[in-house]
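In: Structure, please.
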Amino acid sequence: MNILKKILSPILYGLLIVPLFYGMIIWFSISERMFGLLFDMSGYIELTLYALIVGTLSFWYVSKFMVHLEKLSHPRILDHIRQSAFYYLLGSYLTISLLQTGMHGGLREGMMFATVCLSVWAILVNAAYFYLHRKKV
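Out: Here you go, the predicted model:
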């Protein structure tokens, strides 16, 4: 049963990007209509704030949930890599794709870049959670 939890936790952590990404687009659209874009910077500030606030809280609590689900008393670096494997793969693939095609400022490249940023942030938040909640052996 524990091996099933270890298989499901990276899938659960990876699926979190879907509601966060759509929420980011909805939040950006609403804030643009209501307030306009801050400093006329094409939404960079709004998207960064969303990723920092909503992304951090979401990734932090899902990391906490996964550690309790798997009953990890001594989180290791391999547990972090396993849980964040989807984001490592997704971020690497999209970064290589962006480097090959170039950043032309289109919608496709913007969404790919936003996904890379969320992936990197998910990896960093999970690593920070593991680092702060490790227990000395």
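In: List the buried residues for the helix-or-strand element of the chain with minimal mean pLDDT?
Out: Here the helix or strand of the chain ranked lowest by mean pLDDT, DSSP states H and E is helix 44-50, holding a mean of 74. Buried positions in helix 44-50, judged by neighbour count with 16 or more other Cβ atoms under 10 Å: 46-47, 50. C-beta coordinates here come from the backbone N, C-alpha and C atoms, glycine included.
In: list the buried ones in whatever helix or strand comes next after that helix?
Out: Sequence order places helix 56-70 as the next helix or strand after helix 44-50, per DSSP states H and E. By 16+ other Cβ under 10 Å, the buried positions in helix 56-70 come out as 58-59, 62-63, 66-67, 70.
In: helices and strands around the following helix or strand past helix 56-70, which ones?
Out: Once the chain leaves helix 56-70, the next helix or strand it forms, by DSSP H and E, is helix 77-83. For helix 77-83, the elements it packs on are helix 2-15, helix 56-70, helix 107-132, judged by 3 or more Cβ pairs under 8 Å, 6 or more residues apart in numbering; DSSP states H and E.
In: still on that earlier bit, for the buried residues of helix 44-50, which one is nearest Leu20?
Out: Nearest to Leu20 out of the buried residues of helix 44-50 is Tyr50 (Cβ to Cβ; 8.6 Å).
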